[in-house]
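Q: sequence first, predicted coordinates after that:
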Amino acid sequence: MATYLFTFYCTFLVVLFVMPSYRTYKKTGINPFKFTKDETAINYVGKAYKIISAIAFITITLNAFLPRAMQYLATIEYLKSDIIVWIGFGFLHLAFLVIFIAQRNMANEWRIGIDDENKVNLITKGLFGISRNPIFLGVLIAFVGMFLIIPNAVTFVILISGFIVIQVQVRLEEEFLIKQLGEEYIVYMNNVKRWLI
C-alpha cells in the first residue's frame, strides 16, 4: 500500500500538473506557472503551496521507503484501520478524476496562479458548471485522502494549512476575475457555487 501510494502520488503530480502545463505551453506559448518572486499575496500563496507539496512528498516517500520514521510523526492511532485507508484511497482516486476532467474542461486556459498578462476567458462548461473551483475542490479531496491513509500530525497540518491556503487563493482569484470579466463573472458567481453547496 505504501509503495502504491508513492507511485500514485508521483503519477498524480506528473499527469495532473506537469503534463497539462507542458501541453498548454506547447499549444499557446504561455507559461502556465504564474507565481513569481514579487512580494504579493498570491505569490505568498504560491510559496505556501510549494512548502505544503514538499512536506507531503517527503511524508509519502518516508512512508514508502523508511516506514520506521513514521513513528516520529505522531500517528493518530484511533484512525488507523484498513477501512479508513481504503476510504482514503477512494478520496485520492476521486480527486484524480475530478482534477483530470476539470483540466480537460479548461484546455488551454490552464494556469497555476493568476495570469494578469494574457486575456482571460471564463470557463463554464463541464465541471465548471456545477462548481467554480473543481480543481481546488479536487486538491482538497486529495488532502483528506492522504490524511486518512496516513493519519498523523504532519498530514493533519497539511490538510488544515492546505485548506486555508486554497481558501485564500480562491478569494484572490475571484477578486481578479471580477476586475477582469466584470458582469460576466458576477453572473457566473450568482449561478454557480464556489464549491458545490
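A: Everything's here; your move.

Q: wait, Ala74 touches Ala153, no?
A: Yes: if you go by Cβ atoms under 8 Å, Ala74 and Ala153 touch, sitting 3.7 Å apart. Any C-beta I mention is one placed from the backbone N, CA and C, and that applies to glycine too.

Q: how about the contacts made by Glu174?
A: Glu174 sits next to Tyr185, Met189, Arg194 when contact means Cβ atoms under 8 Å, 6 or more residues apart in numbering.

Q: out of these, which one sits closest to Lys80?
A: Arg194 (33.4 Å; Cβ to Cβ).

Q: count the residues that sit near the closest one.
A: As a burial measure, Arg194 scores 15 neighbours (other Cβ atoms under 10 Å).

Q: pretty sure it is in contact with Val170, am I right?
A: Yes: assessed by Cβ under 8 Å, Arg194 is found in contact with Val170 at 6.6 Å.

Q: what's the overlap in contacts for the two?
A: In contact with both Arg194 and Val170: Asn133, using Cβ under 8 Å, 6+ apart.

Q: which residue is nearest the centroid of this protein?
A: Residue closest to the mean C-alpha point of the chain, counted by Cα atoms, centre = their mean, is Val139 at 3.1 Å.
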